[in-house]
Every structure is written in C-alpha cells, then in structure tokens.
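> Just need the structure, nothing else, for what follows:
(one chain, ligands or ions: 1)
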Amino acid sequence: MRFKSLKGIQDILPPETYIWQHLEHTSRKVFEKYGYKEIRLPIIESSDVFTRSIGETTDIVEKEMYTFPDKGNRSITLRPEGTAPFVRAFVQHHLYNEPSPQKYYYMGPMFRYERPQAYRYRQFYQIGTEALGTEDPKLDIEVISMLANILKKIGLKKFTTEITSIGCKECRPHYKTALKKALKNKLNDFCEDCNRRYEFNPLRLLDCKVPSCVKARTVAPAIIDFLCAQCTHHFETIKHNLELLNISYVVNPNLVRGLDYYTRTAFEVTSEALGSQKAVAAGGRYDRLVKDFGGPPTPGIGFAIGIERIIPLIKKSIVHDVYPDLFICSLGREASDRGFIMTEQLRNRGLWVEMNYDELSLRSQMRKADRIKAKNVIVLGEDELKKGKILIKDMQNKKETEVALETEEILKAVSNKK
Ligand code: HAM
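Sure, this is the predicted structure:
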C-alpha cells in the first residue's frame with residue numbers, strides 16, 4: 001500500500017461515525033440544559049500559549065507537543081489540549097464581561113506525540129467544557145454532576161469518579177516542602193527527568209509513569225493532608241453535596257494531573273475496562289490561569305472527555321438501524337432518467353432514496369437493495385412507464401402496493417409505512 005495514515009492517527013469510518021455522532025449529539029443536549037455555549041477554537045496556536053500554561057516541566061510540553069516553525073519562523077503548536085487555547089480566547093475577546101458564570105464547550109481533535117498504544121493516540125478527540133467566574137464549590141459540583149449525566153446518557157454503565165483537591169497557592173508550598181523532604185533520600189530510584197524536576201516542580205514526580213518512579217514515590221505524603229482551611233472547606237462542601245445529589249465518587253489522594261494549571265479540585269472518571277489508559281474524562285479547577293493570560297482574576301473549572309476511550313465502551317449498546325426508505329431499480333435509459341428525477345424529488349420531500357446509476361441487471365439491482373437493507377423497492381421499466389403505474393414492494397413483509405407513477409403518490413405510500 002502506497003499511503004497509510006500516520007502512526008497513532010486513525011481514520012474513523014462508518015458505522016462507528018454514528019456512535020461518534022450519538023456521543024456529540026447527546027453531549028450537546030446536556031450542555032444546553034446547563035447553559036453551556038459552543039466555542040470553536042483554532043487547532044494551531046502560538047507555542048507559548050501551551051508552554052506557559054500547561055507548564056514547562058510537564059510531559060506534554062517537554063516531550064509530546066507537535067511544535068514546528070511556520071513559514072514566518074514563528075513557533076506553532078498543534079493543540080495538545082483545549083483549556084489553554086480556550087483561556088487565550090476568553091481573555092482576547094473579553095468574554096469575562098459576559099454574565100458570570102461563563103460556560104463554554106468545544107469538540108475537536110487534540111495532538112500529543114505519545115507512544116501509541118490501545119486507547120492512546122497521537123491525534124485524539126475531546127469534548128471539553130470550561131466554566132468561569134466563581135470559586136463557589138457549587139460550580140465544581142455542577143460540573144462533576146454534568147459529566148456524570150453525560151456519561152450516563154450516552155450509555156456508559158460502569159465508571160468511577162475519582163476526586164481530590166490539590167490545594168492553592170497558600171497550602172501547596174507546604175506540601176512541596178514535605179514532598180521534597182520525603183523523597184530526598186530516594187532520588188537514586190527516580191529517573192533522570194524526575195531528578196531534574198525535583199528542584200523546580202517536585203509535584204511532577206507524582207505524575208511520572210516510569211515503573212521505578214511509581215514504586216519509589218509510595219512514601220510520598222498526600223496533598224490532601226496539607227490543605228489550608230479554605231481548601232478543606234471547599235473540598236468538604238463538594239463531597240457533601242455530591243452525596244446529597246447521589247453522585248457516587250471516591251476520593252483518590254494520589255490523583256495527579258499532567259497539567260500544571262490546576263488548583264484545588266481535580267478529578268478523573270475512569271473505567272477499568274480500558275486497562276492502563278483508564279481515564280475516560282478528566283478535569284479540574286484553574287483559578288489562576290485567566291490572570292496568567294493577562295485577564296482579570298477569574299476562577300474557572302472544566303473537563304474533557306476522551307472520545308476514543310468512550311466509543312469501545314458504548315459500541316455494543318448503540319444500534320444504528322437507519323436504512324433507505326426506498327430503492328428504485330430501473331431498466332433502460334428512459335426509466336433510469338425518470339427514476340433519477342423521482343429520486344431527487346423524493347429526497348427533497350424527506351425520504352431517503354437510493355437508485356443505481358450504472359446499468360445493471362435487475363437481479364444485481366435487487367441484490368444491492370437487499371445489501372443496503374432498503375425498506376421498499378420499486379422496479380421502473382418500459383411497462384411501468386407505459387401504464388403509468390408502479391408496484392411498491394415492502395421488503396419486510398414482501399407485500400406489494402400498486403400506485404400511480406407519480407412522485408406524490410409514491411411519497412404518500414412510502415411515508416404511510418414509515
Ligand atoms: P487531560 O487529562 O490531559 O485533560 O485529557 C482529558 C482526557 O482526554 C483524558 O482523560 C483522556 O480520556 C483523553 N486523552 C488524553 N490523551 C489522550 C490520548 N493520547 N489518546 C486518547 N485520549 C486521550 C485535559 O486535556 C484538560 N484540558 C481537561 C480540562 C478542561 N481541564 C479543565 N478544563
């Protein structure tokens with residue numbers, strides 16, 4: 001084969017595309033009920049949009065970005081995630097002037113140069129949301145509840161919502177000190193990257209996937225034990241209200257996010273059925289990001305669902321059984337021309353109609369109608385043209401109905417059975 005898609009990048013073919021549409025459509029419906037509006041963001045951005053926000057010492061920025069110079073020698077990056085471009089747009093267009101909370105959603109491809117494996121791709125799609133304008137934990141609860149709602153509505157039966165708090169600029173420095181102290185004598189067991197990050201960003205040591213690092217960090221204290229009074233109150237309020245709303249969750253004090261912009265609430269929804277890439281969605285609070293981008297201090301929270309990780313989990317439960325209403329078989333030039341006009345007219349009137357363009361035997365045309373599971377078939381030949389009448393055959397019960405060879409009559413007869 002001459003050309004193939006790139007490693008870790010896949011084509012999405014029908015009928016799977018129908019499941020994607022189901023997922024997108026259902027999410028949009030839920031977003032509407034919560035007042036989220038769609039925002040469409042560029043796929044490429046100036047590289048510093050990501051380096052400054054995601055964090056210079058994260059895996060994404062250090063290893064995974066598709067970064068290249070454009071023809072004007074500007075450093076451009078294919079977006080690895082949606083929050084940074086969103087906040088860039090939020091500040092650029094002064095969206096903070098809209099009534100608070102401001103709520104947006106987006107859908108589209110993201111790019112990370114990761115080692116491809118099952119459910120981990122280099123181009124993958126996210127459905128993301130961002131809500132800004134308040135620190136109130138009610139917004140956190142709303143966001144977590146909305147995510148659970150979407151996942152249930154799209155047909156995901158088993159999932160776990162893991163939550164934690166990673167503190168704020170008041171309490172996190174105390175945690176960092178304690179973490180560094182706990183890991184100091186273990187640095188030989190950590191990889192080179194971790195040793196480098198230990199000084200500037202020790203929290204990243206909690207995110208490293210190298211097996212020896214995972215083992216070495218079991219002695220690390222939990223950030224949840226270092227939260228200040230406000231962060232503790234924020235987190236306790238969230239947990240309490242999730243219980244009131246009957247939203248099941250587990251506290252995972254070891255939950256670490258691969259992005260530096262988070263503050264306080266962080267969460268991940270996981271499914272054991274996916275193996276090692278078990279996060280189907282993830283998100284958290286980012287109360288400082290808008291200010292870092294030059295906007296007024298505006299707290300925010302959001303999440304992104306990984307579409308490729310959801311599809312295999314709901315595939316079996318989504319049945320796409322929509323088939324053509326009518327297949328027109330035609331015999332001879334004149335019948336084919338007449339059939340073609342009728343096909344177009346009936347489509348304009350709301351029917352799904354198919355016909356054959358190449359000259360084929362009646363048998364081949366019938367076989368084709370059968371393969372595409374057309375619900376009704378008509379055979380248009382010299383006789384039908386002469387008599388001005390046609391038989392509509394219902395392919396399920398094999399019954400035939402005779403009607404005048406008129407678009408309106410056929411429309412009526414086929415629509416009646418729909
Ligand atoms: P993230 O955890 O990097 O967060 O990604 C969110 C989700 O995208 C993951 O839970 C996973 O389902 C999916 N995902 C990530 N990488 C891949 C991959 N290589 N292949 C397939 N799926 C993948 C963010 O991106 C944040 N921007 C989420 C957010 C929004 N936080 C606040 N607002």
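> can you count the residues close to Gln230?
Gln230: 14 surrounding residues under other CB atoms under 10 Å. Quick note: C-beta positions are derived from backbone N, CA and C, even for glycine.
> Next, it: secondary structure please.
Secondary structure state of Gln230, per DSSP: H, G, I helix; E, B strand; the rest coil, is helix.
> show me where the stretch 251-400 of the chain has helices.
Taking DSSP state H, counting those that start in this stretch, the helices of the stretch 251-400 of the chain run over residues 289-292, 307-314, 333-348, 362-371, 382-387.
> Buried residues, the third one. List them.
When you say that, I think you mean helix 333-348. 335-336, 338-339, 342-343, 345-346 (16 or more other CB atoms under 10 Å).
> just those now: which is nearest Thr407?
Of all these, Thr407 sits closest to Gln345, with 4.5 Å by CB to CB.
> ok, now how distant is the closest one from the ligand?
45 Å (CB to the nearest ligand atom, to the nearest Å).
> from memory that residue sits against Thr407, does it?
Yes: using CB atoms under 8 Å as the test, Gln345 is close enough to Thr407 to be in contact (4.5 Å).
> of the buried residues of helix 333-348, closest to the ligand?
Of all these, the ligand sits closest to Thr343, with 40.9 Å by CB to the nearest ligand atom.
> In this structure the closest one contacts Cys329, no?
No: counting by CB under 8 Å, Thr343 does not reach Cys329; the two are 11.5 Å apart.
> Need the overlap of contacts for those two.
Common neighbours of Thr343 and Cys329 are listed as Met355 (criterion: CB atoms under 8 Å, 6 or more residues apart in numbering).
> so whichever residue of the chain sits closest to the ligand bridges to which residues?
Relative to the ligand, the nearest point of the chain is Gly306 (2.2 Å; CB to the nearest ligand atom). Beta-bridge partners recorded for Gly306 (DSSP bridges): Gln126.
> quick one: secondary structure of Val403?
Put simply, Val403 is strand when judged by three-state DSSP.
> Pull the contacting residues for it.
Shown in contact with Val403 (CB under 8 Å, 6+ apart): 389-390, 392, 409-410, 412-413.
> can the helices of the stretch 251-400 of the chain go into JSON lines with extra columns for mean pLDDT?
JSON lines is the format used below for the helices of the stretch 251-400 of the chain (pLDDT from 0 to 100):
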{"stretch": "helix 289-292", "mean pLDDT": "97"}
{"stretch": "helix 307-314", "mean pLDDT": "96"}
{"stretch": "helix 333-348", "mean pLDDT": "97"}
{"stretch": "helix 362-371", "mean pLDDT": "97"}
{"stretch": "helix 382-387", "mean pLDDT": "96"}
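> TSV for these, including distance to Arg88?
Converted to TSV, these look like this (distance: least, CB to CB, whole Å):
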stretch	distance to Arg88
helix 289-292	10
helix 307-314	23
helix 333-348	43
helix 362-371	49
helix 382-387	63
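> Run the contact check for the host helix or strand of Ile150 versus the ligand.
Using DSSP states H and E, Ile150 maps to helix 137-153. No: applying CB under 6 Å from any ligand atom, one finds helix 137-153 out of contact with the ligand, separated by at least 8.9 Å.
> Now that helix: buried residues?
Neighbour-count burial for helix 137-153 flags 137, 139-151 (criterion: 16+ other CB under 10 Å).
> circling back: with respect to Glu382, which of the buried residues of helix 333-348 is nearest?
Ala335 (6.9 Å).
> what does stretch 139-155 contact?
Counting by CB under 8 Å, 6+ apart, 22-23, 26-27, 29-31, 34, 101, 129, 131, 159, 161, 163, 234, 238, 241-242, 245, 247, 249, 264-265, 267, 269, 280-281, 283, 285, 301-303, 305, 310, 314, 317-318 sit against stretch 139-155.
> Which among those count as buried?
For those, buried by 16+ other CB under 10 Å: 22-23, 26-27, 30-31, 34, 101, 129, 131, 159, 161, 163, 234, 238, 241-242, 249, 264-265, 267, 269, 280-281, 283, 285, 301-303, 305, 310, 314, 318.
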